[in-house]
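> Okay, sequence plus prediction incoming.
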Amino acid sequence: MNKCRWRRISRAFLLYALLLLVVSCRSWNLSLFERQAEAPPITADLNAIAMRSGHTEQTLKLGREVFSTRCTECHELRTIPDYSEEEWLYDYLPLMARRARLQPAEHGALKVYIRTVLRLKQQQMHP
Ligand code: HEC
């Protein structure tokens, strides 16, 4: 009788431990997944907008590279259209470029990349 109850308790404990393991693995997986968000790729449309303002694909590429490597050192990749052009240019970029210790050319390219992504988003919303 006593032995039986002990078995029931240990089985409940085992189930509980298994449940905890599953839950913690799932949330770990989820955070891995969230971190995989990608910087907007350099498409023909993006390139066309940059070229119209006199910028080259090379600048866009450098900007994207900076954004996806240097701007993820302290936090996850930010979503560019989550912030307005004013917020990017006057608040976040000056502050974060300093935090990421960007060279002037890197800062300039990042600015071009972010502005171009914002323009493309505008174009897609109001064609
Ligand atoms: C040295 C660490 C560090 C680096 C590198 C860095 N950031 Fe940040 N960033 C932070 C911290 C910390 C915050 C949280 C808000 C604060 O304290 O200002 C933040 C907040 C932000 C925010 C505001 C998010 C919000 O809603 O609060 C944006 C946008 C941002 N970072 C973009 C960037 C970009 C773009 C780069 C690359 C140029 C970058 N960050 C590089 C540390 C960093």
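Alright, I've got the coordinates.
> For the chain, which residues are neighbours of the ligand?
Listed as neighbours of the ligand in the chain under the rule C-beta under 6 Å from any ligand atom: 70-71, 73-75, 78, 83, 92, 96-97, 99-100, 102, 110. (Glycine included, C-beta is placed from N, CA and C.)
> Domain boundaries for the protein, per the record?
Per automatic domain parsing, the structural domains of the chain span 1-35, 44-125.
> in this structure, which segments are predicted with low confidence?
By pLDDT under 70, the weakly predicted segments of the chain are 1, 25-36.
> now the helices for the chain?
Using DSSP state H, the helices of the chain run over residues 2-34, 44-52, 57-69, 85-86, 93-99, 104-125.
> what residue lies at the spatial centre of the chain?
Residue closest to the average C-alpha location in the chain (C-alpha atoms, centre = their mean): L77, at 2.2 Å.
> Go ahead and confirm L89 touches L110.
No: under the criterion of C-beta atoms under 8 Å, L89 is not in contact with L110, lying 11.0 Å apart.
> what about those two, which has more around it?
Each of L89 and L110 has its neighbours counted (other C-beta atoms under 10 Å); L110 has more, 25 against 15.
> residues in contact with that one?
Counting by C-beta atoms under 8 Å, 6 or more residues apart in numbering, L110 makes contact with L62, G63, V66, F67, C71, L93, A97, L102.
> No further questions, thank you.
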